[in-house]
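# Dropping a prediction and its sequence here:
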Amino acid sequence: MDRILYKELWKLRFEKMLKLEEESVKDYQSLSGECKTKYKDHSIIPHLEKLITDEKKHALLVKELLTILNRQPD
């Protein structure tokens, strides 16, 4: 397979990964907010906050991978 096709394939994979990570952040934030209003000081809230932090880190890593990929020659 040509290099440009591999590059396009990885770009599609990374873009999909980024979309999933960003959607996960929104979902966990929504759950966290709901738990904070309905169940004050529930034990799940710190776990959700940790998941939000992790997902944001994952999104940053994927963005960096996309940056690296875009610098590669075709």
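Yep, that arrived. Numbers count the residues shown, from 1 in each chain.
# How about the contacts made by the residue nearest the centre of the chain?
Nearest to the centroid of the C-alpha atoms of the chain, with distances taken as CA atoms, centre = their mean, sits E21, at 2.0 Å. E21 makes contact with E55, K56, H58, A59, V62 under the criterion CB atoms under 8 Å, 6 or more residues apart in numbering. The way it works is simple: take the backbone N, C-alpha and C, and place the C-beta from them, glycine included.
# Try it again at 6 Å.
Contact analysis of E21 by CB atoms under 6 Å, 6 or more residues apart in numbering lists E55, H58, A59.
# From the residues you listed, which land in helices?
With helices taken from DSSP state H, the overlap with the contacts of E21 comprises E55, H58, A59.
# Relative to I44, which of the residues you listed is nearest.
When those are compared for distance to I44, the smallest value, 15.8 Å, is given by E55; criterion: CB to CB.
# E49 versus that closest one, what's the distance?
The span separating E55 from E49 equals 11 Å under the rule CB to CB, to the nearest Å.
# do L65 as well
The spacing between L65 and E49, counted by CB to CB, is 25 Å.
# need the contacts of E21 in JSON lines with pLDDT, neighbour count and distance to Y39, can you?
Shown next, in JSON lines, are the contacts of E21 (pLDDT from 0 to 100; neighbours: other CB atoms under 10 Å; distance: CB to CB, whole Å):
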{"residue": "E55", "pLDDT": "98", "neighbour count": "20", "distance to Y39": "22"}
{"residue": "H58", "pLDDT": "98", "neighbour count": "17", "distance to Y39": "27"}
{"residue": "A59", "pLDDT": "98", "neighbour count": "19", "distance to Y39": "27"}
